[in-house]
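Colleague: Sharing a model that was predicted from the sequence below.
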Amino acid sequence: MSEFSLALNDDQLQIQSWIHDFAVNVIRPAAHEWDEREEFPWPIVQEAANIGLYGVDFLLNAFSDSSGLTLPVAIEELFWGDAGIGMAIMGSALAAAGISGNGTPEQAIEWVPQCYGTADKIQLGAFCVSEPDAGSDVSSLRTKAVYDEAKDEWVINGTKAWITNGGIADVHVVVATVDPTLGSRGQASFVVPPGTKGLSQGQKYLKHGIRASHTSEVILDDVRVPGRCLLGGKEKLDAKLARARERLTTGEKQPAMATFEATRPAVGAQALGIARAAYEYSLEYAKERHAFGKPIIMNQAIAFKLANMALEIDASRLLIWRAAWLGRNGGFKNAEGSMSKYKASEVAVRVTEEAIQILGGYGYTREYPVERWHRDAKIHTIFEGTSEIQQLVIARAISGLRIE
Ligand SMILES: Cc1cc2nc3c(=O)[nH]c(=O)nc-3n(C[C@H](O)[C@H](O)[C@H](O)COP(=O)(O)OP(=O)(O)OC[C@H]3O[C@@H](n4cnc5c(N)ncnc54)[C@H](O)[C@@H]3O)c2cc1C
């Protein structure tokens, strides 16, 4: 168990400044172009792979840090650079986390590196849970996986919605229902290996923000995967289903919607990076912009906005670091992961809006980055659990009751 400390160690400081330099020199200069093009920024991801920032080694390094702080520190810098490009670089981590969280060590060794490929041949991963009729309510997934015992294969059918890297990924991790009567306890996760027949990209969504990140439907039409692609293995799944059926007969309730608790501080750190970018930019602007014969920051109306932005950003970072540390050291008690994601994402929306206000007319134009940051911030109150779902998770954790 590591002590909680706000002092980053030498490794963490070095990673922070390494990613900051990449964000300044490579990501920021490219951000506007890829937002306008609304395409996956392959050349930038390639540059990230060339320096080892996009790749399985970096992910393993960040995950092996016992304080838990390396990952949020790295993500904050990346998203300070740009959130769309940041998501393009981080999107494969969702699939990697799905595999290592649900799979056996052998499955993680086989599939996680394939979510990244190598610097010579980049690969992508996608984590496919949401469906057109099941976003927050993950217990009602309709994508179905049926076991074909004779061939030891699973046959998967369904449609997934809003999938980051969907259809362009090499490895798709798909959550499907095996027994719909059991809700989320009747679900299992499958790896769909590169080139598997029957998996295709549906519509590509045109989005409000993070436009450099690719988001699509994924269609699964009689997709057949070998038995070894069931994450965790058949024996574990059968035992889980048997336990769930038992609970169904005894009427025991399902636990709170806390499945994604561990990944939430990382999502909070994404929002934090955007908020910090907007705060720093508008602070400098407010010192330089003159109105009525003085810098606009000399008005309390502007200076107090900036004071509150600084305060809320620091409060968010403290919640994120606490949650990231707890995730590695003893676990969450009162949904601290959800608290950090909820706070940081709401702060990012508010701070980026205030940044537009401080820049006035310039802030509203696409010539300046603050309107993009505002658009990018908004996704964080929606994906990986909406703000309303975070409040539900926190309310259930503090009360011990199944608040609806
Ligand atoms: C850009 C982008 C990328 C994404 N990437 C991925 C991905 O890689 N993989 C993936 O699986 N999914 C992904 N998603 C999907 C995302 O996780 C869902 O959109 C999200 O969980 C919300 O689900 P929904 O859109 O169906 O909204 P709904 O669940 O329909 O919610 C609509 C509104 O109702 C509210 N609401 C719903 N239930 C309750 C309740 N019980 N109490 C109070 N309020 C409630 C919500 O908070 C929200 O305000 C992505 C989405 C986007 C937009």
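Modeller: Looks like it arrived, so ask away.
Colleague: tell me which residues of whichever strand or helix holds residue 145 are tucked away?
Modeller: Using DSSP states H and E, residue 145 sits in strand 144-148. Neighbour-count burial for strand 144-148 flags 145, 147 (criterion: 16 or more other C-beta atoms under 10 Å). Backbone N, C-alpha and C define where each C-beta goes, glycine included.
Colleague: avg pLDDT for it?
Modeller: Strand 144-148 shows a mean pLDDT of 98.
Colleague: just how off-centre is it within its chain?
Modeller: Taking C-alpha atoms, centre = their mean, to the nearest Å, one finds the center of strand 144-148 at 28 Å from the center of the full chain.
Colleague: Could you list every helix and strand in contact with that strand?
Modeller: Judged by 3 or more C-beta pairs under 8 Å, 6 or more residues apart in numbering; DSSP states H and E, strand 144-148 is in contact with strand 153-164, strand 171-177.
Colleague: so of these, which one's packed in deepest?
Modeller: Neighbour counts (mean count of other C-beta atoms under 10 Å) averaged over each of those peak at strand 171-177, with a mean of 27.
Colleague: Give me the contacts around that strand.
Modeller: Applying C-beta atoms under 8 Å, 6 or more residues apart in numbering, the contact partners of strand 171-177 are 95, 98-99, 111, 114-115, 123-129, 138, 141-145, 156, 158, 160, 163, 166, 186-194, 199, 218, 220, 223, 231.
Colleague: Out of those residues, list just those in helices.
Modeller: If you go by DSSP state H, the contacts of strand 171-177 have 95, 98, 99, 111 in helices.
Colleague: from the residues you listed, which two are the most distant?
Modeller: 98 and 111 (9.6 Å; C-beta to C-beta).
Colleague: out of the two, which sits in the more crowded spot?
Modeller: residue 98 (27 against 22; other C-beta atoms under 10 Å).
Colleague: Residue 297: what's it in contact with?
Modeller: 283, 286, 287, 303, 306.
Colleague: How about residue 285?
Modeller: 358, 359.
Colleague: any idea how far it lies from residue 300?
Modeller: 17 Å (C-beta to C-beta, to the nearest Å).
Colleague: Now the phi/psi pair for the residue of the stretch 51-200 of the chain at minimum distance from the ligand, please.
Modeller: Of all residues in the stretch 51-200 of the chain, residue 135 sits closest to the ligand, at 1.9 Å by C-beta to the nearest ligand atom. Note on residue 135: its backbone torsions stand at phi -110, psi -80 [degrees, to the nearest 10].
Colleague: looking at it, it is touching residue 161, isn't it?
Modeller: Yes - counting by C-beta atoms under 8 Å, residue 135 does reach residue 161; the two are 7.5 Å apart.
Colleague: measure residue 124 to residue 343 for me?
Modeller: Applying C-beta to C-beta to residue 124 and residue 343 gives a distance of 30 Å.
Colleague: And the helix or strand hosting residue 322, what's buried?
Modeller: Using DSSP H and E, residue 322 sits within helix 300-328. Under the neighbour-count criterion of 16+ other C-beta under 10 Å, helix 300-328 has 302, 305-306, 309, 312-313, 316-317, 319-328 buried.
Colleague: quick one: low-confidence ranges for the stretch 201-350 of the chain?
Modeller: The stretch 201-350 of the chain contains residues with pLDDT under 70 at 250-259.
Colleague: residue boundaries of the helices in it?
Modeller: 234-250, 264-288, 300-328, 336-364 (DSSP state H, counting those that start in this stretch).
Colleague: pretty sure residue 76 contacts residue 267?
Modeller: No - the pair residue 76 / residue 267 is not scored as a contact, 11.6 Å apart, by C-beta under 8 Å.
Colleague: More neighbours: which of these two?
Modeller: residue 76 (29 against 25).
Colleague: can you give me the end-to-end distance of stretch 284-292?
Modeller: From its first residue to its last, stretch 284-292 covers 18 Å (C-alpha to C-alpha, to the nearest Å).
Colleague: Going by neighbour count, list what's buried in it.
Modeller: 285, 286, 289.
Colleague: can you give me phi and psi for the last one?
Modeller: When read as degrees, to the nearest 10, the backbone of residue 289 gives phi -70, psi 130.
Colleague: Leaving out sequence neighbours, find the closest residue to it.
Modeller: residue 296 (5.0 Å; C-beta to C-beta, 6 or more residues apart in numbering).
Colleague: ok, the ones in helices among the contacts of strand 171-177 vs residue 394, which is closest?
Modeller: Residue 394 has its nearest neighbour among the ones in helices among the contacts of strand 171-177 in residue 98, at 23.7 Å by C-beta to C-beta.
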